[in-house]
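Q: Based on what follows, work out the 3D shape:
(one chain, ligands or ions: 2)
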Amino acid sequence: MSTPIIKLSNISKSFGPIDVLHNISLEVNAGEVLCLLGDNGAGKSTLIKVLSGVHKPNAGTLEMDGKPISFDNPRDASNQGIATVHQFGGTFPLMSIGRSFFVGVEPTKRFGPFRIYDRKTANETAVRAVREFGITRIDDGDRLIGGLSGGERQSLAIARAVHFGARLLVLDEPTAALGVKEAAHVLRIVLEARKRGLGVIFITHNVVHALTVGDHFAVLIRGAKAADFRRGEKTREEITDLMAGGEAMAELEAEIATHIKIA
Ligand SMILES: Nc1ncnc2c1ncn2[C@@H]1O[C@H](COP(=O)(O)OP(=O)(O)OP(=O)(O)O)[C@@H](O)[C@H]1O
Ligand SMILES: [Mg+2]
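A: Ligands and ions are numbered 1, 2, ... in the order given. Take a look at the predicted model:
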């Protein structure tokens, strides 16, 4: 077995008296997509915030490439190659594509005695990076982020992470607010990142999206890991039930159908 890119062992996190995560252990290998599933409030976003340096765990350890690591802040995590795209996006709507791509690491050029932001290089590089992922609709780096569709924003964020050498891509519900075509596009980009050897953690409520990209699945129920399995080991129905917190969804769906018939 190869050493996982990231390994979480017995991670627990509470906020004051509220226990949110209990003893979570997970591994992600290079070139593999781990789908993190679970109902609302199960602790998925909290877990990835531990991974991306937003929260410090109360207990447990993290290892990257077999070596213990800890993060004091999100910059620490991103410097070590963990790129996180948070739920509800974190990009700046009034920034241009080129600017947002290089935020904090802007390319510069000489201007008399000064060095100034090199808009042309930034724009060209950003547009080329997204084009390598097959996104041809983004062709002008001066366009504002706010004018992009949700899928384009997610795609741009992923392309940016890959461009800057991320090894682990963490995506918190990248397809949640998207239509069918846009979601398919983002899923394709996730598969492209996997092909390039990145490890991916993909959070979703959509069982079809999970089954499309996932090599490996972990289900959280009320902050604990309730299941951990590989592609092909569970049926779609079993996965749906686990995602609903262990409820038998087929029965619930049948019950709803009866009510609809009566009404
Ligand atoms: N900073 C915080 N302080 C207190 N409680 C918190 C904090 N952050 C999260 N929680 C609680 O932890 C639980 C898990 O939240 P989290 O956002 O991780 O769930 P989730 O699985 O991502 O849910 P969703 O699918 O709705 O995004 C929730 O009950 C939430 O209220
Ligand atoms: Mg969440």
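Q: pLDDT wise, what is Asp125 at?
A: Not Asp; residue 125 is Thr. Listed pLDDT for Thr125 reads 93.
Q: then the helix or strand where Ala193 lies to CSV, C-alphas only?
A: Per DSSP states H and E: Ala193 is located in helix 180-195. Output of helix 180-195 as CSV, limited to C-alpha atoms (Å, rounded to 0.1, in the frame of the first residue of the first chain):
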residue,chain,number,x,y,z
VAL,A,180,-27.5,19.3,-14.3
LYS,A,181,-25.1,20.5,-17.0
GLU,A,182,-23.0,22.7,-14.7
ALA,A,183,-22.7,19.9,-12.2
ALA,A,184,-21.6,17.5,-14.8
HIS,A,185,-18.9,20.0,-15.8
VAL,A,186,-17.6,20.3,-12.2
LEU,A,187,-17.6,16.5,-11.8
ARG,A,188,-15.5,16.2,-15.0
ILE,A,189,-13.0,18.6,-13.5
VAL,A,190,-12.9,16.6,-10.3
LEU,A,191,-12.1,13.5,-12.4
GLU,A,192,-9.4,15.5,-14.2
ALA,A,193,-7.8,16.5,-10.9
ARG,A,194,-7.8,12.9,-9.9
LYS,A,195,-6.2,11.9,-13.2
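Q: Show the residue spans covered by the strands in this protein.
A: 6-15, 18-28, 33-37, 59-64, 67-69, 82-85, 108-111, 114-117, 168-172, 199-203, 216-221, 224-230 (DSSP state E).
Q: Can you lay out those as JSON lines showing mean pLDDT?
A: As requested, those are exported to JSON lines (pLDDT from 0 to 100):
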{"stretch": "strand 6-15", "mean pLDDT": "97"}
{"stretch": "strand 18-28", "mean pLDDT": "96"}
{"stretch": "strand 33-37", "mean pLDDT": "96"}
{"stretch": "strand 59-64", "mean pLDDT": "97"}
{"stretch": "strand 67-69", "mean pLDDT": "96"}
{"stretch": "strand 82-85", "mean pLDDT": "90"}
{"stretch": "strand 108-111", "mean pLDDT": "90"}
{"stretch": "strand 114-117", "mean pLDDT": "91"}
{"stretch": "strand 168-172", "mean pLDDT": "93"}
{"stretch": "strand 199-203", "mean pLDDT": "95"}
{"stretch": "strand 216-221", "mean pLDDT": "94"}
{"stretch": "strand 224-230", "mean pLDDT": "95"}
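Q: Having no further points to raise, I will conclude here.
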